[in-house]
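> sequence below, structure please.
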Amino acid sequence: MPGVFRAILCAVSIGLFAVPVGAGETDVAEITANGGCPGCDLNLAEMRGLSLPGANFEEADLRSANLKGASLAGANFVRADLQRVEMERAQLSGSDFSDARMRGADLEKTDVTKARFEGADLRSVDFAEAVMTEADLSDADLRGAHLRRADVSGASFRDAKLDEADLERSIADGADFSGARLPYADLGRIRAKAASFREADLTGVRLSSADLTGADLTGADLNRAHLHRTNLSGADLSGVSGLDERRLAQACGDAATKLPEGFGIKLCGAAASE
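As a prediction, the model looks like this:
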């Protein structure tokens, strides 16, 4: 887009969207025709159901905008301000949210398969029941985020902050939480088969009835972690810190479970029959 035309479009957008009533049909049509609106002021914009795969909203102001049910696969939201944006049930697979500001955003039941959130501010974001398979959330700030029943299989949370995040009943098979901070997060009933928690901070984390079959917890901090009925079959707990026999006795494993020297674990079959 020529520089002059792009500047004019953004100026027009500021006048049209920086009001509570949001955008009208003509304005959305203009954005659609131009493939997005990078750097524009779209605060409070009404764009529910917008269909614009590959749209460019880089560095745009989309605070409190309504994009519920939008189809924006492969869109560019790099460094955009998406605080409190409404994106429930949106199609956002493959989109790039790197370094975006998204605190308090609603992404419930969205599809963000293979989307990128590296370094994004995702504090208190609602990802409940979202499809997040193979998404990249490395170095993201997810403190207090809601991921209950989300599918994060194969996703990367390397070095992310997940303090007090809610991942209860989520599916995290093969997910990577290496080096992540998860103190007091709720991972109750999570299924995290073959997931990696290497060197992760799991202080006070709730893992009640969690399935960590084949998970790698090498070097993780399990101080005050809740392990009631946690399935550690085939899991690697080599070099973990903060573990004690009393809490480990509440979990179960199998012959393939790797434990620190001097520790033992009851078999899951035996635990289930009690």
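> please tell me how far residue 134 sits from residue 113.
6 Å (CB to CB, to the nearest Å). Just so you know, the C-beta spots here come from the backbone N, C-alpha and C atoms, and that holds for glycine as well.
> more neighbours: which of those two?
residue 113 (21 against 17; other CB atoms under 10 Å).
> so what's the more buried one up against?
By CB atoms under 8 Å, 6 or more residues apart in numbering, the residues touching residue 113 are 93-94, 131-135.
> hmm, try it at 7 Å
93, 131, 133-135 (CB atoms under 7 Å, 6 or more residues apart in numbering).
> so, low pLDDT: which residues of the stretch 151-274 of the chain?
Within the stretch 151-274 of the chain, the segments meeting pLDDT under 70 span 270-274.
> can you give me the helices in it?
Taking DSSP state H, counting those that start in this stretch, the helices of the stretch 151-274 of the chain run over residues 245-248, 268-272.
> which residues are contacting the first one?
Outside helix 245-248, the residues that touch it by CB under 7 Å, 6+ apart are 225, 227, 263, 265.
> number of nearby residues for the second one?
Spelled out, it's residue 227. Residues near residue 227, counting by other CB under 10 Å, number 23.
> next: the first one.
Neighbour count for residue 225, taken as other CB under 10 Å: 25.
> how close does it sit to residue 206?
Counting by CB to CB, the separation of residue 225 from residue 206 is 8 Å.
> go on, the second one?
Between residue 227 and residue 206 the distance, using CB to CB, works out to 9 Å.
> got it, and residue 55?
39 Å.
> now residue 200
Taken as CB to CB, the span from residue 200 to residue 206 is 14 Å.
> the more surrounded of these two?
Between residue 200 and residue 206, counting by other CB under 10 Å, residue 200 is the more crowded of the two (30 against 23).
> just give me the neighbour total for residue 104.
A count of nearby residues for residue 104, using other CB under 10 Å, gives 17.
> state the distance from it to residue 36.
23 Å.
> and residue 232, by the same measure?
Using CB to CB, residue 232 is found at 47 Å from residue 36.
> so which of the two has more stuff around it?
The neighbour count for residue 232 versus residue 36, taken as other CB under 10 Å, is higher for residue 232 (27 against 23).
> contacts only, for that one.
Residue 232 neighbours (CB under 7 Å, 6+ apart): 212, 251-253, 257, 265.
> at 8 Å what do you get?
Residue 232 makes contact with 212-213, 215, 251-253, 257, 265, according to CB under 8 Å, 6+ apart.
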